[in-house]
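Q: This is a predicted model, with the sequence first.
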Amino acid sequence: MSVKGENRLYERVAKDLAGQIAEGRYAVGQRLPSERDLAQTYSVSRPTIREAIIALELDGMVEVRLGSGVYVKAQTPNEGQAGATDIGPFELLEARRAIEAEACAMAAKRITNEELDQLDTLVIEMQTENARDVDRSEDADKRFHMLIAASTQNSAMIAAVEMLWEARERSPQTKLMGEKAHAAGVIPRIDEHAAIVSALRARSPEDARDAMRRHLTRVLNSLLAATEVQEMEEAKARIAAARDRYT
């Protein structure tokens, strides 16, 4: 069952910003306030603002200019109304981190040697495909995580993980986020997946939980870095600080 749009924090922010753009508070060609300022205005996190901007970007209302900021592109959405939305990419990763870490801990005591060997094969497949086709690598990544869920032998846990991955594949916002991440060179990390397998092979729930949490925390941080919008003022401030340091 999908969460209704009005319950999504990022969508409420996107709707409000779209309304202000439509009313002319922010004109076409004008730069929106910085991510930090918007987060303070709406009393939300910066990732939530980034999810809202992605929704507006999908609707063709704003464009992100690296090294400059987010600029108004149109007063109305491409199709005359806001497009479909789904679970935001950052909140999805937060949920995955919580649920899949526990799935990994549960699997540590139940996973079979055959399943561990299959995980090793998937890690090798990811490593091979990283250099050839990142889409195939990410497909192997999905099968890796789903196999861990299956090895819990708990139908509710399996259903929960399946739901999260279905949302990942369904969400237009997450798809755009993925495209930005690929453009920034973000690919499945072999060492992290190998560490998860090692913890599972050691039959240690604590180590397995920690390995999965570290992995998904790093994924979240990588997506944050890949979609960072560097506002001009912040960039200038860093340059000035560096100049002062070395002169």
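A: Everything's here; your move. All figures in this text were calculated on a predicted structure; none of them were measured in a lab.
Q: Now do the helices in the protein.
A: 9-22, 35-42, 46-58, 89-108, 113-130, 134-150, 155-170, 172-183, 190-201, 205-226, 232-246 (DSSP state H).
Q: How about Arg170: what's its closest non-neighbour residue?
A: Asp86 (5.7 Å; Cβ to Cβ, 6 or more residues apart in numbering). All C-beta atoms are positioned from the backbone trio N, CA, C, and that covers glycine.
Q: wait, what's in contact with that neighbour?
A: Residues in contact with Asp86, defined by Cβ atoms under 8 Å, 6 or more residues apart in numbering, are Ser2, Ala167, Arg170, Ser171, Pro172, Gln173, Thr174.
Q: Tell me which of the helices of the chain is the most buried.
A: helix 46-58 (a mean of 24; mean count of other Cβ atoms under 10 Å).
Q: and that helix with helix 35-42, angle?
A: Orientation check (axes from the mean of the first three to the mean of the last three Cα atoms, to 10 degrees): helix 46-58 against helix 35-42 gives 100 degrees.
Q: and helix 46-58, what other elements does it pack with?
A: Counting contacts by 3 or more Cβ pairs under 8 Å, 6 or more residues apart in numbering; DSSP states H and E, helix 46-58 packs against helix 9-22, helix 35-42, strand 62-65, helix 89-108, helix 172-183.
Q: Can I get the second one as PDB, trimmed to CA atoms?
A: Output for helix 35-42, consisting of C-alpha atoms alone and laid out as PDB, is shown next (Å, rounded to 0.1, in the frame of the first residue of the first chain):
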ATOM      1  CA  GLU A  35      19.100  24.600   0.400                       C
ATOM      2  CA  ARG A  36      20.200  25.600   3.900                       C
ATOM      3  CA  ASP A  37      17.800  28.600   3.900                       C
ATOM      4  CA  LEU A  38      14.900  26.600   2.600                       C
ATOM      5  CA  ALA A  39      15.500  23.900   5.300                       C
ATOM      6  CA  GLN A  40      15.400  26.600   7.900                       C
ATOM      7  CA  THR A  41      12.300  28.200   6.400                       C
ATOM      8  CA  TYR A  42      10.300  24.900   6.300                       C
END
